[in-house]
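Trainee: Just the structure for this:
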Amino acid sequence: MLAIYNTLTRSKELFVPIEPGKVRMYVCGMTVYDYCHLGHARVMVVFDVLSRWLRASGFEVTYVRNITDIDDKIIKRAGENNETVRALTDRFIAAMHEDAAALGVLPPDHEPRATEYVVRMQTIIERLREKGLAYVADNRDVCYAVRKFDGYGKLSGKSLDELRAGERVEVVSDKRDPLDFVLWKQARADEPDEVKWDSPWGSGRPGWHIECSAMSSDLLGNHFDLHGGGQDLQFPHHENEIAQSEGAHGHTFVNYWMHNGFVRVDDEKMSKSLGNFFTIRDVLKKFDAEVVRFFILRAHYRSPLNYSDDHLDDARQSLTRLYTALKNVPPLDVGVDWDEAHARRFKAALDDDLNTPEAVAVLFELANLANRDKSPALAAQLKGLAGVIGLLEREPVGFLQAGTVGSDATDVQAIEALIARRSAAKSERNYAEADRLRAELLDMGVALEDTAQGTTWRRA
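Mentor: The predicted model follows:
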């Protein structure tokens with residue numbers, strides 16, 4: 001059975017869904033004012049693998065990943081660009097979808113936009129106000145009274161006195177307590193009309209945290225199985241979601257909370273201020289998208305992920321080994337045999353809190369054995385198991401000969417022309433010229449393999 005590390009209890013627990021055979025899961029998605037970065041890539045890939053594994057395990061899954069399309073940063077960026085908020089967010093949503101598709105991330109079942117749920121947010125806010133958990137501040141913002149919710153701090157594991165207002169928690173004098181957070185912001189004269197909605201408390205727009213309580217409850221119900229996101233969201237965002245949802249509905253919000261670890265760059269946390277910030281598109285200019293996915297899955301989702309070109313190069317070489325095995329031993333066209341020993345170990349690894357590093361290790365064992373024994377059956381296991389986590393789904397030669405973004409047919413034609421010249425030199429017994437051409441190709445990043453059937457090549 002699947003066991004998951006539950007952030008709420010700080011322990012690994014057997015996963016038992018509320019409704020047998022069905023899983024309802026919600027993951028906090030992107031705030032769409034810029035291109036997605038490597039941290040977003042990790043969230044998308046990790047929870048894509050989780051949803052794939054749940055389905056492979058026989059569960060009927062409803063997967064929701066939201067889009068934040070109303071936010072201070074969005075309004076600011078749209079103003080800087082002299083464009084509407086809708087135009088900005090539509091553009092970056094399209095870019096996000098392109099990045100996700102490149103990384104092999106399957107679309108979620110639902111992808112709600114925050115702006116579609118403002119009325120539902122208002123309903124929850126009014127319920128909280130009626131229960132005495134929210135109040136209208138002197139500046140007409142509506143704030144959540146944190147100290148009136150008994151369970152506040154249970155996700156972060158800290159007392160109220162230990163907690164501090166974190167990222168995106170505004171500390172303003174109109175709040176009754178610095179830990180209180182904004183549910184509804186009064187309209188500002190310098191903001192465009194498209195970000196203003198009528199409400200019982202005056203024209204304005206929702207705060208950040210309330211959107212997820214509204215979208216998740218509408219699409220998954222007031223109590224559902226699993227909620228995920230990046231580690232940075234544990235506090236305050238997810239803590240505030242619990243306070244809002246449980247405060248409004250009077251019962252448990254989510255049974256299992258999952259958080260993936262940070263992405264670091266050369267052992268420093270990735271951030272714009274340090275100048276070590278990389279978008280997915282930056283990385284895909286240098287590395288194949290499947291290499292990036294493989295790099296993410298080689299680390300356990302809760303561990304820090306240290307990005308560097310060297311680590312990506314190593315991931316590329318490792319993935320090349322797996323594809324080379326499939327090229328050398330074409331697999332049978334059959335499904336996974338889950339009774340086979342490697343498949344059982346692969347399943348046990350993923351059932352153990354999504355232990356993808358151990359699952360990947362099983363793939364390498366299969367590749368070695370398939371090569372050694374020239375076994376199409378083992379090659380089929382390799383391809384089938386890898387496909388469960390979104391790997392090895394291309395034709396091997398397509399991967400092995402693929403270049404980075406910008407490589408084109410002309411590049412391939414030049415490579416094949418040099419290989420033809422080398423073959424001619426070998427036929428003429430001009431081995432010095434053949435060796436020189438091999439070295440020239442290697443300098444171009446192309447490795448040759450001479451076989452009885454002829455010469456094949458791959459990116460070195």
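Trainee: quick one, helices of the stretch 101-250 of the chain?
Mentor: Along the stretch 101-250 of the chain, counting by DSSP state H, counting those that start in this stretch, helices occupy 118-130, 210-220, 239-249.
Trainee: so which of the ones you listed comes closest to Thr320?
Mentor: For Thr320, the closest of the helices of the stretch 101-250 of the chain is helix 210-220, at 40.1 Å, according to CB to CB. To be clear about C-beta, it is placed using only N, CA and C from the backbone, and glycine gets the same treatment.
Trainee: Could I get the buried residue list for that closest one?
Mentor: Neighbour-count burial for helix 210-220, counted by 16 or more other CB atoms under 10 Å, picks out Ile210, Glu211, Cys212, Ser213, Ala214, Met215, Ser216, Ser217, Leu219, Leu220.
Trainee: Need the pLDDT of the fourth one.
Mentor: Reported pLDDT at Ser213 in the predicted model: 98.
Trainee: what's near enough to touch it?
Mentor: Counting by CB atoms under 8 Å, 6 or more residues apart in numbering, Ser213 makes contact with Met121, Ile124, Glu241, Gln244, Ser245, Ala248.
Trainee: Apply 6 Å and report the result again.
Mentor: Contact partners of Ser213, counting by CB atoms under 6 Å, 6 or more residues apart in numbering, are Ile124, Glu241, Gln244, Ser245.
Trainee: ok, the last one touching Thr252?
Mentor: In other words, Ser245. No. Ser245 lies out of contact with Thr252 (CB atoms under 6 Å); the separation is 9.1 Å.
Trainee: If you count surrounding residues, which of the two has more?
Mentor: The residue with more neighbours, out of Ser245 and Thr252, is Ser245; 25 against 15, by other CB atoms under 10 Å.
Trainee: Next, give phi and psi for the residue lying closest to the more buried one once chain neighbours are set aside.
Mentor: Spatial nearest neighbour of Ser245, excluding adjacent residues (CB to CB, 6 or more residues apart in numbering): Phe253 at 4.0 Å. When read as degrees, to the nearest 10, the backbone of Phe253 gives phi -90, psi -60.
Trainee: ok, now how distant is Phe253 from Glu162?
Mentor: Distance, Phe253 to Glu162, using CB to CB, to the nearest Å: 22 Å.
Trainee: neighbour-wise, which of the two wins?
Mentor: Set Phe253 next to Glu162 and count neighbours by other CB under 10 Å: Phe253 wins out with 24 against 9.
Trainee: got the contact list for that one?
Mentor: Phe253 is in contact with Ile242, Ser245, Glu246, counting by CB under 6 Å, 6+ apart.
Trainee: How many residues are close by the last one?
Mentor: Glu246 has 22 neighbouring residues, counting by other CB under 10 Å.
Trainee: ok, it - contacts?
Mentor: By CB under 6 Å, 6+ apart, the contact set of Glu246 is Phe253.
Trainee: okay, among the buried residues of helix 210-220, which ones form the most distant pair?
Mentor: So, the buried residues of helix 210-220 by CB to CB: farthest apart are Ile210 and Leu220, at 16.1 Å.
Trainee: now, which of the contacts of Phe253 sits nearest Thr456?
Mentor: For those, the closest approach to Thr456 (CB to CB) belongs to Ile242, at 55.9 Å.
Trainee: and the gap between the closest one and Phe149?
Mentor: Here Ile242 is placed at a distance of 8 Å from Phe149 (CB to CB).
Trainee: What are the boundaries of the strands in the stretch 51-200 of the chain?
Mentor: Ranges of strands in the stretch 51-200 of the chain, per DSSP state E, counting those that start in this stretch, are 60-65, 134-136, 142-144, 181-186.
Trainee: Dump the ones you listed to a markdown table, plus distance to Glu13 and mean neighbour count.
Mentor: Formatted as a markdown table, these follow (distance: least, CB to CB, whole Å; neighbours: other CB atoms under 10 Å):
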| stretch | distance to Glu13 | mean neighbour count |
| --- | --- | --- |
| strand 60-65 | 19 | 21 |
| strand 134-136 | 32 | 20 |
| strand 142-144 | 29 | 26 |
| strand 181-186 | 29 | 25 |
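Trainee: got the contact list for Asn328?
Mentor: By CB under 6 Å, 6+ apart, no residues touch Asn328.
Trainee: Restrict the lowest-mean-pLDDT helix or strand in the chain to CA atoms and write it as PDB.
Mentor: Sorting the helices and strands of the chain by mean pLDDT, DSSP states H and E puts helix 409-427 at the bottom, at a mean of 73. Extracted as PDB, the C-alpha positions of helix 409-427 are listed here (Å, rounded to 0.1, in the frame of the first residue of the first chain):
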ATOM      1  CA  ALA A 409      17.800  19.300 -39.800                       C
ATOM      2  CA  THR A 410      20.800  21.200 -41.300                       C
ATOM      3  CA  ASP A 411      22.800  20.200 -38.200                       C
ATOM      4  CA  VAL A 412      21.800  16.500 -38.600                       C
ATOM      5  CA  GLN A 413      22.600  16.700 -42.300                       C
ATOM      6  CA  ALA A 414      26.100  18.000 -41.600                       C
ATOM      7  CA  ILE A 415      26.700  15.200 -39.100                       C
ATOM      8  CA  GLU A 416      25.500  12.500 -41.500                       C
ATOM      9  CA  ALA A 417      27.700  14.000 -44.300                       C
ATOM     10  CA  LEU A 418      30.800  13.700 -42.100                       C
ATOM     11  CA  ILE A 419      29.900  10.200 -41.200                       C
ATOM     12  CA  ALA A 420      29.500   9.300 -44.900                       C
ATOM     13  CA  ARG A 421      33.000  10.900 -45.500                       C
ATOM     14  CA  ARG A 422      34.400   8.800 -42.700                       C
ATOM     15  CA  SER A 423      32.900   5.600 -44.100                       C
ATOM     16  CA  ALA A 424      34.400   6.400 -47.500                       C
ATOM     17  CA  ALA A 425      37.800   7.000 -45.900                       C
ATOM     18  CA  LYS A 426      37.600   3.600 -44.100                       C
ATOM     19  CA  SER A 427      36.600   1.900 -47.400                       C
END
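Trainee: helices or strands up against it?
Mentor: Secondary-structure packing of helix 409-427 (3 or more CB pairs under 6 Å, 6 or more residues apart in numbering; DSSP states H and E): helix 431-443.
Trainee: ok and the helix it packs on relative to helix 409-427, angle-wise?
Mentor: For helix 431-443 against helix 409-427, the angle by axes from the mean of the first three to the mean of the last three CA atoms, to 10 degrees is 160 degrees.
Trainee: shaky segments in the stretch 351-460 of the chain?
Mentor: 403-410, 425, 431, 434, 451-453, 460 (pLDDT under 70).
Trainee: Strands along the stretch 201-350 of the chain, start to end?
Mentor: Remark: strands assigned in the stretch 201-350 of the chain by DSSP E, counting those that start in this stretch are 204-206, 224-230, 254-260, 263-265, 268-269, 305-307.
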